[in-house]
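1. Provided below for reference: sequence and predicted model.
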Amino acid sequence: MGCDHDHELDENGKLPVPDHVQEAIRTLIRWSGDDPQREGLLDTPARVARAWKEYCQGYNEDPAYHLSRQFAEVGGYNELVLLKDIPFQSHCEHHMAPITGKAAIAYMPKDSVVGISKLARVLHAYARRLQIQERLTAEVAQCIWENLKPHGVAVVIEAQHGCMTGRGVRTPGVGMVTSRLMGCFLDDNRSRKEVLSLMGY
């Protein structure tokens, strides 16, 4: 797994930003109608570039890594494991506008469990990339399904999209809900109702 700290930092302890990246941001500022040479915008290209490196740090992560440490000794526990109201932020790949929301992630263990924080880490690893909500939901579920091999996985994500609230139809307060159910949560009606009810849906 790579990370931004693999790059050498400059004398101020910051990630260096190549000139062509800063110039691209200056071009966008000019095209938007402002002057990148005015005092308040002089350092903006470097700041924006570093911010986007942070927003997209998920490209340097392998989400499956967070599920590699598993625990088989669970005292016979084989019931639902649910982590809900996990806040996250992503950016849509169509307008690069913010996606902000919360996720609920559940699985029915078969042979092992993971630390609950690892479920959130899987979500964030995928969210910190350019995304669409539908794919984010599917990727999180698939990663847990393939690496934990549980009886079932359920992921529900509810989010607001900046491309809808801040531009276009400009409709704030509208949430989009996506879900992916796998295994017993897809095949068994009782299990499906239980997990969705506990998630609040």
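-> Looks like it came in fine.

2. Now tell me what touches stretch 68-80 from outside.
-> With contacts defined as CB atoms under 8 Å, 6 or more residues apart in numbering, stretch 68-80 is touched by 106-115, 118, 147-148, 194-195, 198. All C-beta atoms are positioned from the backbone trio N, CA, C, and that covers glycine.

3. which ones among these are found in strands?
-> Cross-referencing the contacts of stretch 68-80 against strands under DSSP state E gives A106, Y107, M108.

4. Please convert the residues you listed to JSON lines, extending it with distance to G76 and neighbour count.
-> What follows is the ones in strands among the contacts of stretch 68-80, written out as JSON lines (distance: CB to CB, whole Å; neighbours: other CB atoms under 10 Å):
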{"residue": "A106", "distance to G76": "19", "neighbour count": "26"}
{"residue": "Y107", "distance to G76": "17", "neighbour count": "28"}
{"residue": "M108", "distance to G76": "14", "neighbour count": "22"}
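
5. What is the burial count for M199?
-> Look at M199: counted by other CB atoms under 10 Å, it has 19 neighbours.

6. Wait, it touches V156, no?
-> Yes: assessed by CB atoms under 8 Å, M199 is found in contact with V156 at 5.4 Å.

7. what's the overlap in contacts for those two?
-> Joint contacts of M199 and V156 (CB under 8 Å, 6+ apart) are A104.

8. At which residues are the strands of the chain located?
-> Using DSSP E, strands in the chain cover 81-92, 98-108, 130-131, 152-161, 176-183.

9. Let me know which of those is tucked in deepest.
-> Mean neighbours per residue, mean count of other CB atoms under 10 Å, is largest over the strands of the chain for strand 152-161, with a mean of 24.

10. Return the list of helices and strands in contact with it.
-> Judged by 3 or more CB pairs under 8 Å, 6 or more residues apart in numbering; DSSP states H and E, the packing partners of strand 152-161 are strand 81-92, strand 98-108, helix 133-148, strand 176-183, helix 184-187, helix 189-199.
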